[in-house]
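Visitor: quick one, what's the 3D model for this:
(2 chains)
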2 protein chains.
Amino acid sequence: MIRVNLIGSGKVAFHLIEKFHSLPVDLRVYARNPEKVIQKFADKIQAFPIAEIQDADITLLAVTDDAVEDVSSMLPIKGQLVVHMAGSRPIHVLSAKNRRGVLYPVQSFTETKSVDYSRITFCVETETAPDQELLENLVHLLGSTAVIMDSDQRLTLHLSAVLVNNFVNHLYFMASELCEKAGISFELLTPLIQETTQKILTMSAQEAQTGPAIRNDRQVLSNHLSALTDPVYHQLYQLFTESIQKKYGKKL
Amino acid sequence: MIRVNLIGSGKVAFHLIEKFHSLPVDLRVYARNPEKVIQKFADKIQAFPIAEIQDADITLLAVTDDAVEDVSSMLPIKGQLVVHMAGSRPIHVLSAKNRRGVLYPVQSFTETKSVDYSRITFCVETETAPDQELLENLVHLLGSTAVIMDSDQRLTLHLSAVLVNNFVNHLYFMASELCEKAGISFELLTPLIQETTQKILTMSAQEAQTGPAIRNDRQVLSNHLSALTDPVYHQLYQLFTESIQKKYGKKL
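Guide: Below is the predicted model:
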């Protein structure tokens, strides 16, 4: 049975703890605040301070991106496979006193929503082939897909994930705020939101692009800008228009 | 049987012509270039020059937003119900020599993709109650939903549609371009794109917001900005970060 140390007490850690418990995994959980984990799982899970960490096949750091370096350097173990899960951090931020690896899930985790591991790809990076095999085995045990990726590619993928997830969601937020102020139901936009996402699964974003910016419909662009009183929204609208026109300019 | 004049030769016109042909509608099609319509439907549809327009119960202008005003003023009919389909244009851009109305579908039409009318809401605006009833009847005949909305609200809804459709698609394009340059498959992001859209159907955009901007993870933000060499993308990333932090600032 594979021995896994899991360090963390956030969303990703909680989902993984739950999942590992249903699998043939010898799991030990560690956290800077072990009580948080114990309470979360109503005493059904033991958790230990990081200082008490023991050897394992894989030690997973399910901590925030900016905690990876600190937690890795404070680990009182040596020669172990220590793996961070931060898309934006290169493998070398991990302390060299252990074997280093990365396991980055290309998905957004929500505490209240169950995770479908069959729809998650983990980007795997290691320093040696045997460590790569270890991580691939763990990914397959979770029922997920593994893809080998270096730190530079992973940063680009993480940045792309921020665009299609965090920034798309902020556009949803801007729209919902505008609708609310105008007394319109945001739900009127649901079919359009779904259509936009469905399209990108069957055609390229370039083919799917429509709207006043690509048509350079000046009257619409000016009406929209007048309706945007928030100065940051106003600038965002102008920049999107500029960016779309720059990309498709030769087509106009 | 309801008599409909349809003016136009673009995507929306083509979809509507096809649909009206399957319904109990006495349809006559007009276009600035009737040949384009006739060819498109392989001689199965007749189309006439706009100068030959006849009276009907409803005259629909399925033309681009910036052509509405011109086409409306050149119509050689009087006292008829003339209806434009432009989300961004107020009802009063239509010539006052006819009864005026608006029928704006909150959806994006693609020429190669069939339209599910049961998932389309039409925003209806008229000057009189009987005209409103006429348009509502037409919407129901299409199998769609009608919602009454004035010109100001419609402009806000159209602007919101640009955010959640055109701008979201441009973020997909930016991500696909970044992935391509880094030799990564854009399809790795498909589950995340779907998850982002699914979330907005079950929780508010405010609850769904995650990412380095809302966490103010300076190292990630700086790594991402360094990876964005296109100056417009760079500015867009900075503005999104600023906008997200402005909205959620008090929570940090």
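Visitor: ok, the residue nearest to A:Asp217 when sequence neighbours are not counted to A:Ile193 distance?
Guide: Spatial nearest neighbour of A:Asp217, chain neighbours left out: B:Asp66 (5.2 Å); criterion: Cβ to Cβ, 6 or more residues apart in numbering or on different chains. C-beta: built from backbone N, CA, C; applies to glycine. Look at B:Asp66 and A:Ile193: by Cβ to Cβ, to the nearest Å, they are 26 Å apart.
Visitor: same check, this time on A:Ser9
Guide: Taken as Cβ to Cβ, the span from A:Ser9 to A:Ile193 is 33 Å.
Visitor: in the stretch 151-252 of chain A, what spans have low per-residue confidence?
Guide: A:250-252 (pLDDT under 70).
Visitor: what about the helices in it?
Guide: For the stretch 151-252 of chain A, the helices defined by DSSP state H, counting those that start in this stretch cover A:151-161, A:168-182, A:190-202, A:205-208, A:212-215, A:218-227, A:231-248.
Visitor: and the last one, what does it pack onto?
Guide: Secondary structure elements in contact with helix A:231-248, counted by 3 or more Cβ pairs under 8 Å, 6 or more residues apart in numbering or on different chains; DSSP states H and E, are helix A:212-215, helix A:218-227, helix B:168-182, helix B:231-248.
Visitor: any chance of those in CSV, plus mean neighbour count and distance to A:Gly79?
Guide: Output for the helices and strands packed on helix A:231-248, formatted as CSV (neighbours: other Cβ atoms under 10 Å in any protein chain shown; distance: least, Cβ to Cβ, whole Å):
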stretch, mean neighbour count, distance to A:Gly79
helix A:212-215, 22, 56
helix A:218-227, 17, 60
helix B:168-182, 22, 32
helix B:231-248, 18, 40
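Visitor: follow-up on the earlier one: list the residues that contact the residue nearest to A:Asp217.
Guide: Counting by Cβ atoms under 8 Å, 6 or more residues apart in numbering or on different chains, B:Asp66 makes contact with A:Asp217, A:Arg218, A:Gln219, A:Val220.
Visitor: and the stretch 1-150 of chain A, which of its residues are near chain B?
Guide: A:64-66, A:88-89, A:106-108, A:110, A:113, A:119-121, A:147, A:149 (Cβ under 8 Å from any Cβ of the partner chain).
Visitor: buried subset of those residues?
Guide: Neighbour-count burial (16 or more other Cβ atoms under 10 Å in any protein chain shown) applied to the residues of the stretch 1-150 of chain A next to chain B gives A:64-66, A:88-89, A:106-108, A:110, A:119-121, A:147, A:149.
Visitor: just give me the closest of the residues you listed to A:Thr202.
Guide: A:Arg119 (18.0 Å; Cβ to Cβ).
Visitor: show me what A:Cys145 bridges to in the sheet.
Guide: For residue A:145 the amino acid is Thr, not Cys. Note on A:Thr145: beta-bridge partners by DSSP bridges are A:Thr121.
Visitor: and the contacts of B:Asp66, which two are furthest apart?
Guide: Between any two of the contacts of B:Asp66, the greatest separation by Cβ to Cβ is 7.4 Å, found for A:Arg218 and A:Val220.
Visitor: among the helices and strands packed on helix A:231-248, which is nearest B:Leu189?
Guide: Short answer: helix B:168-182, nearest of the helices and strands packed on helix A:231-248 by Cβ to Cβ, at 6.3 Å.
Visitor: show me how far the closest one is from its chain's centre.
Guide: How far helix B:168-182 lies from its chain's middle: 22 Å, per Cα atoms, centre = their mean, to the nearest Å.
Visitor: ditto for stretch A:155-168
Guide: On Cα atoms, centre = their mean, the centre of stretch A:155-168 falls 8 Å from the chain's centre.
Visitor: quick check: end-to-end length of it?
Guide: One end of stretch A:155-168 to the other measures 19 Å (Cα to Cα, to the nearest Å).
Visitor: so what touches it?
Guide: Counting by Cβ under 8 Å, 6+ apart, A:87-88, A:90, A:104, A:106, A:108, A:123, A:149, B:168, B:171-172, B:174-175, B:178-179, B:181-182, B:184, B:186, B:188-189, B:192-193, B:195-196, B:209-214, B:220, B:223-224, B:227-228, B:240, B:244 sit against stretch A:155-168.
Visitor: again with stretch A:118-125
Guide: Here stretch A:118-125 has contacts from A:87, A:91, A:101-107, A:132, A:135-136, A:139, A:142-151, A:153-154, A:157, B:188, B:191, using Cβ under 8 Å, 6+ apart.
Visitor: repeat the analysis, applying 6 Å as the threshold.
Guide: Residues outside stretch A:118-125 that contact it (Cβ atoms under 6 Å, 6 or more residues apart in numbering or on different chains) are A:91, A:102-107, A:135, A:139, A:143-149, A:154, B:188, B:191.
Visitor: then it to CSV, C-alphas only?
Guide: Taking Å, rounded to 0.1, in the frame of the first residue of the first chain, the C-alpha atoms of stretch A:118-125 are listed here in CSV:
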residue,chain,number,x,y,z
SER,A,118,-12.1,11.4,-13.8
ARG,A,119,-12.3,14.9,-15.2
ILE,A,120,-9.0,16.2,-13.7
THR,A,121,-5.7,16.2,-15.3
PHE,A,122,-2.6,16.4,-13.1
CYS,A,123,0.6,17.9,-14.5
VAL,A,124,3.5,15.9,-13.3
GLU,A,125,7.1,17.0,-13.0
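Visitor: quick check: mean pLDDT of it?
Guide: For stretch A:118-125, the mean per-residue pLDDT is 96.
Visitor: buried residues in the helix or strand hosting A:Leu16?
Guide: Per DSSP states H and E, A:Leu16 falls inside helix A:11-21. For helix A:11-21, the neighbour count (16+ other Cβ under 10 Å) marks A:Lys11, A:Val12, A:Ala13, A:Phe14, A:His15, A:Leu16, A:Ile17, A:Lys19, A:Phe20 as buried.
Visitor: which of those lies closest to chain B?
Guide: A:Lys11 (8.8 Å; Cβ to the nearest Cβ).
Visitor: per-residue pLDDT, that closest one?
Guide: pLDDT, read off for A:Lys11, is 91.
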